[in-house]
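Visitor: Based on what follows, work out the 3D shape:
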Amino acid sequence: MSIRQNSNTFRFAVGTAQSVESSIWRMWVNGNDVYLGAREALRAFKVSLHQSGIWRIAWVADLNRPDSASDRVIVRWNRPSEFAPGWTPSVGILLSSIQPARPFATRKIDDSRLTWFEPPASGRRLLFKVLFSPSGFTENDLRRVSLKQDRLAACLEKKDGERVWLVAREDDLSDFERHQVRDAMSKTRIHLKPGASGDGVRGSRILLVVSDDRPGLGTQPTIFDISLGMENVG
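Guide: Predicted structure coming up:
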């Protein structure tokens, strides 16, 4: 599947409008800067891929935190070199097939702007990769650096003509990724106010940033979009 965007924004999710199985993601271009975030978490943090070449995943400036003097940055890295002529990697979003023991009730959403992707099969992952290319590069150029199972989701264009590509790939979940997901699921707790029913947390997820301290060409940061369940409420 190939999708060409006429606007500067692309919205996507995994599952269907009747059964949402991921966060609702948005990738958008503002001039020569590119941003990425989950709808439910945009007031908390986002990915900023700046024209300056300083890229970061950070808490937003107006987030009310007890320690307001601390650095808002979760990960900061410099734009890496090309992994193939004309192609630069940036960040990934990973959805695993691992489900909570006691899933929340099915979550529905009505938003015609969304593009939907099928969930990964058992033991697999769905990885969305954000790539940059010069102006004029086409889907044929993308195929030269892609695997057979890669699917083009969107192509946005910056003011300077540079193109931003979102590519989806389903493949096997690694032991490391499986550990990261299960560890986050086991340690996350959703605390309710006394007397609360828990209806407000249905569909809750956790976003886990997995990255080297100093990301390099082959170690770009990945955001794990992890499903939670009733076992996390307490």
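
Visitor: Can you give me the distance of T16 to D110?
Guide: 12 Å (C-beta to C-beta, to the nearest Å). Heads up, the C-betas are built off the backbone N, CA and C, glycines and all.

Visitor: Give me the more crowded residue out of these two.
Guide: T16 (16 against 7; other C-beta atoms under 10 Å).

Visitor: distance of the residue nearest to that one when sequence neighbours are not counted from A154?
Guide: Among residues not flanking T16 along the chain, W116 sits closest, at 5.8 Å (C-beta to C-beta, 6 or more residues apart in numbering). Computed as C-beta to C-beta, the W116 to A154 distance reads 13 Å.

Visitor: Tell me which residues touch L207, please.
Guide: 23, 38, 41, 45, 223-226 (C-beta atoms under 8 Å, 6 or more residues apart in numbering).

Visitor: what do you get for G216?
Guide: G216 neighbours (C-beta under 8 Å, 6+ apart): P80.

Visitor: mind running it again at 10 Å?
Guide: Applying C-beta atoms under 10 Å, 6 or more residues apart in numbering to G216 gives the contacts 77-78, 80-81.

Visitor: just to revisit the earlier point, settle it for me: which of W116 and A154 has more neighbours?
Guide: Neighbours were tallied for W116 and for A154 using other C-beta under 10 Å; the higher tally belongs to A154 (21 against 14).

Visitor: Off-centre distance for whichever strand or helix holds that one?
Guide: In the assignment (DSSP states H and E), A154 maps to strand 151-157. Relative to the centre of its chain, strand 151-157 is centred 14 Å away, using C-alpha atoms, centre = their mean, to the nearest Å.

Visitor: Please apply the same query to stretch 20-36.
Guide: 8 Å.

Visitor: Stretch 169-176 now?
Guide: 15 Å.

Visitor: do the same with stretch 208-228
Guide: 10 Å.

Visitor: where does the protein dip in pLDDT?
Guide: Across the chain, the ranges flagged by pLDDT under 70 are 1-6, 61-71, 195-202.

Visitor: Go through it and flag its longest helix.
Guide: helix 175-187 (DSSP state H).

Visitor: Report the next helix or strand after that helix in sequence order.
Guide: With DSSP H and E, the next secondary element past helix 175-187 is strand 205-210.

Visitor: What strands flank that following strand, and is each parallel or antiparallel?
Guide: strand 222-227 (antiparallel) (DSSP bridges).

Visitor: quick revisit: sheet-wise, list the partners of the next helix-or-strand element following the strand holding A154 with their directions.
Guide: Using DSSP H and E, the helix or strand that directly follows strand 151-157 along the chain is strand 163-172. The partner list of strand 163-172 in its sheet, established with DSSP bridges, is strand 124-133 (antiparallel), strand 151-157 (antiparallel).

Visitor: Give me the distance between the two termini of stretch 126-145.
Guide: Distance across stretch 126-145, first residue to last, is 18 Å (C-alpha to C-alpha, to the nearest Å).

Visitor: roughly how far is it from the heart of the chain?
Guide: 17 Å.

Visitor: how much space is there between the most centrally placed residue in the chain and W25?
Guide: Nearest to the mean C-alpha position of the chain, by C-alpha atoms, centre = their mean, lies I93 at 3.4 Å. Plainly put, I93 is 7 Å away from W25 if you go by C-beta to C-beta.

Visitor: what's the overlap in contacts for those two?
Guide: Counting by C-beta under 10 Å, 6+ apart, the residues touching both I93 and W25 are 12, 14, 36, 38, 128, 166, 223, 225.

Visitor: Can you add distance to L208 and give these back as a markdown table?
Guide: Output for the shared contacts of I93 and W25, formatted as a markdown table (distance: C-beta to C-beta, whole Å):
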| residue | distance to L208 |
| --- | --- |
| F12 | 19 |
| V14 | 16 |
| L36 | 15 |
| A38 | 12 |
| F128 | 15 |
| L166 | 20 |
| I223 | 7 |
| D225 | 8 |
